[in-house]
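Model the structure of this input:
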Amino acid sequence: MNQNQYMKIDANEGRCVLDEGQLARILSPEVARRYPSSLVLEEELAKYFGVSSAKVIATAGADDAIDRAFRALAGSGGSVCSTVPGFVEFLDAATRTGAAFVPVPRGQTFPLEEFIASIGRNKPQIAIIASPDNPWGTRLSETEFLAILEASQAAGTVFILDLTYADFAPLDNLLALALESPGVLVTGSFSKSRGLAGFRAGWAMGGEKSLSLVERLREAGPPYSLSSPAIEAARLALAESQERYAAFVGEITWERETLSAILACLGYETWPQSGNFVTIKAQDARTFASRLKEKGILVRMWPNSPMAEDLVRLTCPGDRSEFTRLAEALETMEAAQ
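The predicted structure is shown next:
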């Protein structure tokens, strides 16, 4: 089977909300000939979130926002604290920018006491958490957010909250809390709920009390980090009808709950999750992934990570026919031993 024949649910990529006609307009000769301007996207992001454009920076994906933050606020000689296993970009960005990475081991539940203790002990320049988290799919409670915020402020640490998967989670008050708090930045992406991973578009944002941090991120990257097609794609995705967007998020939510139930019935360990994926614990993750690969389905595992070698992550396809293919493949597999 060649690569194009596989059903790829190993990278948490969302289904594109734009149709072929919209994509064709993005690649027009006029768009191609002009230097890109992120300002128009920042203005529309600001309108979407109900803030001023000075509080928003458009970036080449959430990873660009994270890279800028680490470079500007920690860099060589500084340190970054996060949980592991977690979003690999946190460790990669620290490595690229010369910052020390301070790991706090975690499992299905967030290790609040240990994380706060690490901030107090190490006084890192940055503490960063994703909510919902990858690969666990769990989200911070408001109580946990406020506790981390208090510890970060006491240590002089900038708290970064990554909301890349938040569109798939129940509504909460974390964004509002982050924007009203000093020393907090928020990052996000168009890759998941908008399906624009190939364009590399994301954002970072801070409240009135964190404007100086936003400006430091703005200065930390090149002037044209986003291409014109990426900017136009992100603008169109923001303007896309809420009905179409809500329908996609609703499909993902249904798939996540249904997939979790199927896997639990097969005997795999699951837990409440809020991303566009389901992660399980499997005694033999390699065998589980290999059996699905034999059926033409690729999933994510971490065979070289001691703390995640028993985890397997399955992205929800966001398409009912593909989900049916996945469900049928799982139901023909033997139950977990």
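
Excluding its own residues, what touches the one helix or strand Ala24 maps to? List them.
Using DSSP states H and E, Ala24 sits within helix 20-26. Residues outside helix 20-26 that contact it (Cβ atoms under 8 Å, 6 or more residues apart in numbering) are 16, 18, 229, 232-233, 236. Just so you know, the C-beta spots here come from the backbone N, C-alpha and C atoms, and that holds for glycine as well.

ditto for stretch 240-255
Contacts of stretch 240-255 (Cβ under 8 Å, 6+ apart): 14-15, 17-18, 167-168, 193-195, 276, 316-320, 323.

Moving C-terminal from the least confident helix or strand in the chain by mean pLDDT, which element do we reach first?
Using mean pLDDT, DSSP states H and E, the weakest-scoring helix or strand in the chain turns out to be helix 29-33, at a mean of 86. Scanning forward in sequence from helix 29-33 by DSSP H and E, the next helix or strand is helix 38-49.

What are the buried residues along that next one?
38, 41-42, 44-46, 49 (16 or more other Cβ atoms under 10 Å).

same thing with stretch 254-270?
Buried, per 16+ other Cβ under 10 Å, within stretch 254-270: 255-256, 259-260, 262-263, 266, 268, 270.

Which parts of this protein are helices?
Assigned by DSSP state H, the chain shows helices spanning 20-26, 29-33, 38-49, 62-73, 88-97, 112-122, 142-155, 174-179, 211-219, 228-239, 242-265, 285-294, 320-331.

Kindly state the domain boundaries assigned to this protein.
3-14+242-331, 20-239 (automatic domain parsing).

per-residue pLDDT, the nearest residue to Ile297 once chain neighbours are set aside?
Among residues not flanking Ile297 along the chain, Met7 sits closest, at 4.7 Å (Cβ to Cβ, 6 or more residues apart in numbering). With respect to pLDDT, Met7 scores 95.

Ala24 too?
For Ala24, pLDDT reads 89.

Next: the one 10 residues further on.
If you check Arg34, the pLDDT there is 89.

Show the contacting residues for it.
Ser228.

Pull up the gap between it and Glu219, please.
Going from Arg34 to Glu219 by Cβ to Cβ, to the nearest Å gives 24 Å.

likewise Ser228?
22 Å.

and what of Ser321?
For Ser321, the distance to Glu219 - Cβ to Cβ - is 47 Å.

okay, these two: which has more neighbours?
Glu219 (10 against 7; other Cβ atoms under 10 Å).

Tell me the spatial nearest neighbour of Leu45, not counting adjacent residues.
Among residues not flanking Leu45 along the chain, Val56 sits closest, at 4.8 Å (Cβ to Cβ, 6+ apart).

Kindly report the same for Leu146.
Once flanking residues are discounted, Leu146 sits nearest to Leu177: 7.1 Å by Cβ to Cβ, 6+ apart.

show me the contacts for the one you found.
Neighbours of Leu177 in contact, by Cβ under 8 Å, 6+ apart: 142, 145-146, 149.

Which pLDDT value does the model give it?
Listed pLDDT for Leu177 reads 97.

for Glu243, same thing?
82.

Begin at 326, not 1, for the rest of this chat.
With the count now opening at 326, the last piece we talked about shows up as Glu568.

Identify each buried residue in the helix holding Ala349, please.
347, 351.

Quick check, central residue of the protein?
Closest to where the C-alpha atoms of the chain average out (Cα atoms, centre = their mean) is Thr489, at 3.3 Å.

That residue contacts Ile454, doesn't it?
No - at 11.6 Å, Thr489 and Ile454 do not qualify as touching, with contact defined as Cβ atoms under 8 Å.

What distance do you get for Ser552 to Ala349?
Distance, Ser552 to Ala349, by Cβ to Cβ: 16 Å.

hang on, I meant Gln478
Noted for Gln478: a distance of 49 Å to Ala349, by Cβ to Cβ.

Same check on Val376?
Noted for Val376: a distance of 32 Å to Ala349, by Cβ to Cβ.

How many neighbouring residues does Asn329 have?
Neighbour tally, Asn329, other Cβ under 10 Å: 6.

right, I mislabeled it, should have said Asp335
With other Cβ under 10 Å as criterion, Asp335 counts 20.

In this structure it contacts Lys618, no?
No - under the criterion of Cβ under 8 Å, Asp335 makes no contact with Lys618, lying 9.9 Å away.

Tell me how many other residues surround Arg431.
20.

Contact partners for the closest residue to it other than its chain neighbours?
Distance criterion Cβ to Cβ, 6+ apart; nearest residue to Arg431, sequence neighbours excluded, is Thr408 at 4.2 Å. Contacts of Thr408 were listed using Cβ under 8 Å, 6+ apart, and they are 428-431, 435-436, 440, 454, 458.
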